[in-house]
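Peer 1: Here is my input, please return the structure:
(one chain, ligands or ions: 1)
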Amino acid sequence: METKIPIEDVSAQGGSILDTGTEDPRLIGELHSKENNFTSNENPLKCELRRSRHLQSDGEHTTGTPVIEVINVKKSYILADMEVPILHDINLEVREGEFLAIMGPSGSGKSTLMNLIGFLDRPTEGKIIIKGLDINELSDKEVARLRGLEIGFIFQTFNLIPRLTALENVELPTYANIRSGIDAHARAKELLTLVGLEDRMHHKPGELSGGQSQRVAIARALINDPAILLADEPTGNLDSKTGCEILNMFTRLNEDGRTIVMITHDPEIARYADRIVLVKDGIIQNNSE
Ligand SMILES: Nc1ncnc2c1ncn2[C@@H]1O[C@H](COP(=O)(O)OP(=O)(O)OP(=O)(O)O)[C@@H](O)[C@H]1O
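Peer 2: Next comes the predicted model:
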């Protein structure tokens, strides 16, 4: 996938993330290519591991530009006037185009870590750097814009707005942040077609199956063409066949160059990733490629 994102050009030159003004030429054209079409009519999705892309490697480690850097991060919550440490000195680097799975027992801090990576929360100590931008050095407005344009979220419970149609749900993030030159309505339609929901665009979430709802959520996550997709148990509420279809979508998005970080409890699902990180008691215990 090309990386001609205006935001990247601006930040690489030391400019503000709020300065973006050029057009985003990416993706819509790509979405039309047959090999990128996720609709299952002609080419049914198979529940098997299919990887056509391999990350660059120096023999031992994945190489490439880091897009996510977690440096000496600690996170505590204050509960009844007591500081409760959740994450202890986490260090993690995720490189461009990598597909990373985060595993670990319930309550170990996986979602907390993902929320920090997604700028939904700030660390108590340490740094989170996304595409070279340090959250500690950004205003709340800049953080919101970086999150809105560069990070797509997918949750176990889909988190769709019940009273909005699928199309309106997909368009929703663009009300807050949109790349210049993008026709949000047209792009939302393109994305819903891409995920095989062209005949469900005007349905509300209550009229959709779990798998269809998650497809809407994926289309919504892609609306601003983010470099990074963060998925918290994306197949947790789906039957295994539908879960496989969703994972094959993730695989194809990753093969197009998108960086994916996915929390899962299921080792079979983690096999889709290039690398698995194990979080236990707020510490990264294993960082295997
Ligand atoms: N906002 C909060 N305030 C206080 N404690 C919190 C908050 N969010 C999470 N925690 C606590 O932090 C710990 C880690 O939670 P987290 O959701 O990150 O775990 P997890 O590994 O994702 O668990 P699961 O697999 O069950 O989703 C838990 O003990 C949880 O109760």
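Peer 1: Which positions in stretch 173-184 come out as buried?
Peer 2: Within stretch 173-184, the residues scored as buried using 16 or more other Cβ atoms under 10 Å are 173-174, 177-179, 182, 184. To be clear about C-beta, it is placed using only N, CA and C from the backbone, and glycine gets the same treatment.
Peer 1: Same question for stretch 180-196.
Peer 2: 182, 184, 187-196.
Peer 1: Near the ligand, which residues of the stretch 51-200 of the chain? Just list them.
Peer 2: Contacts of the stretch 51-200 of the chain with the ligand, taken as Cβ under 6 Å from any ligand atom, map to 77, 79, 86, 104, 106-112.
Peer 1: returning to what we had before: rebuild the buried residues of stretch 180-196 as CSV, extending it with secondary structure and pLDDT.
Peer 2: Shown next, in CSV, are the buried residues of stretch 180-196 (DSSP: H, G, I helix; E, B strand; the rest coil; pLDDT from 0 to 100):
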residue, secondary structure, pLDDT
Ile182, coil, 87
Ala184, helix, 94
Arg187, helix, 95
Ala188, helix, 96
Lys189, helix, 96
Glu190, helix, 93
Leu191, helix, 93
Leu192, helix, 95
Thr193, helix, 94
Leu194, helix, 90
Val195, coil, 92
Gly196, coil, 92
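Peer 1: and which of the residues you listed is nearest to the ligand?
Peer 2: Minimum distance to the ligand across those is 25.4 Å, recorded for Val195 (Cβ to the nearest ligand atom).
Peer 1: measure the closest one to Ile246 for me?
Peer 2: Distance, Val195 to Ile246, using Cβ to Cβ, to the nearest Å: 9 Å.
Peer 1: sorry, back to before: from the residues of the stretch 51-200 of the chain next to the ligand, which would you call buried?
Peer 2: 86, 104, 108-112.
Peer 1: Tell me which two of the residues you listed sit farthest apart.
Peer 2: Pairwise distances across those (Cβ to Cβ) peak at 12.2 Å, for the pair Ile86 and Gly104.
Peer 1: can you give me the strands for the stretch 101-250 of the chain?
Peer 2: With DSSP state E, counting those that start in this stretch, the ranges of strands along the stretch 101-250 of the chain come out as 125-130, 133-134, 151-155, 228-232.
Peer 1: gap between stretch 97-104 and the chain center?
Peer 2: 11 Å (Cα atoms, centre = their mean, to the nearest Å).
Peer 1: Can you measure across stretch 200-214, start residue to end residue?
Peer 2: Terminal residues of stretch 200-214 are spaced 13 Å apart (Cα to Cα, to the nearest Å).
Peer 1: Kindly report the same for stretch 153-166.
Peer 2: Terminal residues of stretch 153-166 lie 16 Å apart, using Cα to Cα.
Peer 1: Check stretch 165-181 too.
Peer 2: 24 Å.
Peer 1: just stretch 172-184 next, same as before
Peer 2: 9 Å.
Peer 1: Grab the nearest non-local neighbour of Val170.
Peer 2: Distances taken as Cβ to Cβ, 6 or more residues apart in numbering put Ala188 closest to Val170, at 4.0 Å, once the chain neighbours are dropped.
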